[in-house]
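A.B. asks: can't give you the sequence, but here's the structure:
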């Protein structure tokens, strides 16, 4: 493709039309990239912004195959898509990023953990079990000890499919299905590093961010960017993220979630081959957002500068417990009065307990002041029905 027509008629297919797809469409519109979104919900967040919406289920082969002819490159905003469909698209000459093979390693947590083990990448010790009964049997033999974390190998998302077991009485409520059981690591901090690679093997990293979790929902409550960690740990986290994306041979962006354990060791928790909740703040706080970086990597363009322009705190807007129905945002105007507050509402019509309804990025050169603003917003802003 010549420089003259490099940006003409670029077409991107996106499997999934949630908030990540919506923000990817927003970034694509800056370069007049045509976006085609496949999603089962006609009122999905991305439907109002994409160039073309196709009603279909990204988990179903026929629906994914049906996007052939609509796009030159196809990417995902959720892992649970038909890999058979991705293979068919590749046979039709359509590039898929990530590839079916990479996605199959990642979307099954058992395969993902084995990949780290096979490639000498640091992660917590684990056992793959076929059922809850097998977990109980291994406990009785002393092969599994409490406390531990059970994670379903497939279909976990946004806090679902994870169960922390601390006491014997919890064993009656184990998750059913094939799962990994890993030791409950004593964690100092939880980090995320977003790394990008294009087809010319150019790789660039965003600075590590620190994630603080809402343990009732097992979701990120807020994050701090950059993470408050020693420079040596920050450098090691970036180096590890670069190593992982190269080992996968993935083109696009990869979010790498890590633990810092009590001995300051870095352990890989899991990865996501798509835009990620831990990168929302890059829209306002970095020279290049994770969404623009993803587009650059997908279309083999030079990667952008990921450096931080301003420290920030990103706060997830979650549906209030006890409410389900048409979303009502209480306290929004009070939050809009605060300097440095950038509000993103995803456009989901129905709220549910702990459902991600939006996010807020607070930019401030003083991170303590940004955290104070975040605490105020957490108290004032409620999503009810």
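C.D. replies: Arrived safely. Predicted, not measured: the structure shown is a model, and the values here were computed from it.

A.B. asks: show me the strands in the stretch 201-350 of the chain, by range?
C.D. replies: Assigned strands in the stretch 201-350 of the chain, in chain order: 203-205, 209-214, 219-225, 252-261, 266-272, 312-318, 325-326, 328-330, 341-345, 350-351 (criterion: DSSP state E, counting those that start in this stretch).

A.B. asks: list the helices and strands the following helix or strand past the last one packs on?
C.D. replies: So that's strand 350-351. Downstream of strand 350-351, the first helix or strand assigned by DSSP states H and E is strand 356-363. The helices and strands touching strand 356-363, judged by 3 or more CB pairs under 8 Å, 6 or more residues apart in numbering; DSSP states H and E, are helix 282-285, strand 312-318, strand 341-345, helix 367-380. All C-beta atoms are positioned from the backbone trio N, CA, C, and that covers glycine.

A.B. asks: how distant is the first one from the center of its chain?
C.D. replies: Pointing back at helix 282-285 there. Its chain's C-alpha centre and that of helix 282-285 lie 16 Å apart, by CA atoms, centre = their mean, to the nearest Å.

A.B. asks: buried set for it?
C.D. replies: 282, 283, 284, 285 (16 or more other CB atoms under 10 Å).

A.B. asks: next one: the last one
C.D. replies: Neighbour counts over helix 367-380 (16+ other CB under 10 Å) mark 367, 370, 371, 373, 374, 376, 377, 378 as buried.

A.B. asks: ok, the second one touching residue 361?
C.D. replies: If I follow you right, that is residue 370. No: taking contacts as CB atoms under 8 Å, residue 370 lies outside contact range of residue 361: 9.4 Å.

A.B. asks: common neighbours of those two, please.
C.D. replies: 312, 313 (CB atoms under 8 Å, 6 or more residues apart in numbering).

A.B. asks: skipping its backbone neighbours, what lies nearest residue 88 in space?
C.D. replies: Excluding its sequence neighbours, the residue lying closest to residue 88 (CB to CB, 6 or more residues apart in numbering) is residue 65, at 4.6 Å.

A.B. asks: now the one you found: phi and psi?
C.D. replies: Note on residue 65: backbone dihedrals following degrees, to the nearest 10 are phi -60, psi -30.

A.B. asks: please tell me the pLDDT value assigned to it.
C.D. replies: The model reports residue 65 with a pLDDT of 97.

A.B. asks: do residue 5 as well
C.D. replies: pLDDT, residue 5: 52.

A.B. asks: on that earlier part again, residue 89 is in contact with the residue nearest to residue 88, correct?
C.D. replies: Yes: counting by CB under 8 Å, residue 65 does reach residue 89; the two are 6.9 Å apart.

A.B. asks: of those two, which one has the most company?
C.D. replies: residue 89 (25 against 18; other CB atoms under 10 Å).

A.B. asks: assign a three-state SS to that one, would you?
C.D. replies: Using DSSP: H, G, I helix; E, B strand; the rest coil, the structure places residue 89 in helix.

A.B. asks: who touches it in this structure?
C.D. replies: Residue 89 touches 64, 65, 67, 68, 74, 96, counting by CB under 8 Å, 6+ apart.

A.B. asks: separation between the first one and residue 101?
C.D. replies: Using CB to CB, to the nearest Å, one obtains 16 Å as the distance from residue 64 to residue 101.

A.B. asks: before we move on, back to that, could the buried residues of helix 282-285 go into CSV alongside distance to residue 156 and pLDDT?
C.D. replies: Below are these laid out as CSV (distance: CB to CB, whole Å; pLDDT from 0 to 100):
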residue, distance to residue 156, pLDDT
282, 25, 98
283, 26, 98
284, 30, 98
285, 29, 98
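
A.B. asks: closest one of these to residue 304?
C.D. replies: Set against residue 304, the nearest of the buried residues of helix 282-285 by CB to CB is residue 282 (10.0 Å).

A.B. asks: hmm, residue 206 and the closest one touching each other?
C.D. replies: Yes: at 6.3 Å, residue 282 counts as touching residue 206 under the criterion of CB under 8 Å.

A.B. asks: show me whatever sits in contact with both of those two.
C.D. replies: Joint contacts of residue 282 and residue 206 (CB under 8 Å, 6+ apart) are 194, 290, 293, 306.

A.B. asks: can you tell me which of those end up in helices?
C.D. replies: Counting by DSSP state H, these place 290, 293 in helices.

A.B. asks: among the shared contacts of residue 282 and residue 206, who's most crowded?
C.D. replies: Busiest of the shared contacts of residue 282 and residue 206 [other CB under 10 Å] is residue 293, holding 29 neighbours.

A.B. asks: got a list of what it touches?
C.D. replies: 194, 196, 204, 206, 253, 282, 303, 304, 306.

A.B. asks: how near is it to residue 135?
C.D. replies: Counting by CB to CB - residue 293 and residue 135 are separated by 40 Å.

A.B. asks: then residue 154?
C.D. replies: Taking CB to CB, one finds residue 154 at 17 Å from residue 135.

A.B. asks: more crowded one of the two?
C.D. replies: residue 135 (22 against 15).

A.B. asks: I figured that one hits residue 150, correct?
C.D. replies: Yes: between residue 135 and residue 150 there is a contact under CB under 8 Å: 6.9 Å.

A.B. asks: overlap of the contact sets of these two?
C.D. replies: 174, 179, 181.

A.B. asks: and the residues you listed, which of them are in strands?
C.D. replies: With strands taken from DSSP state E, the overlap with these comprises 179, 181.

A.B. asks: most neighbours out of the shared contacts of residue 135 and residue 150, which is it?
C.D. replies: Counting by other CB under 10 Å, top hit in the shared contacts of residue 135 and residue 150: residue 179 with 29 neighbours.
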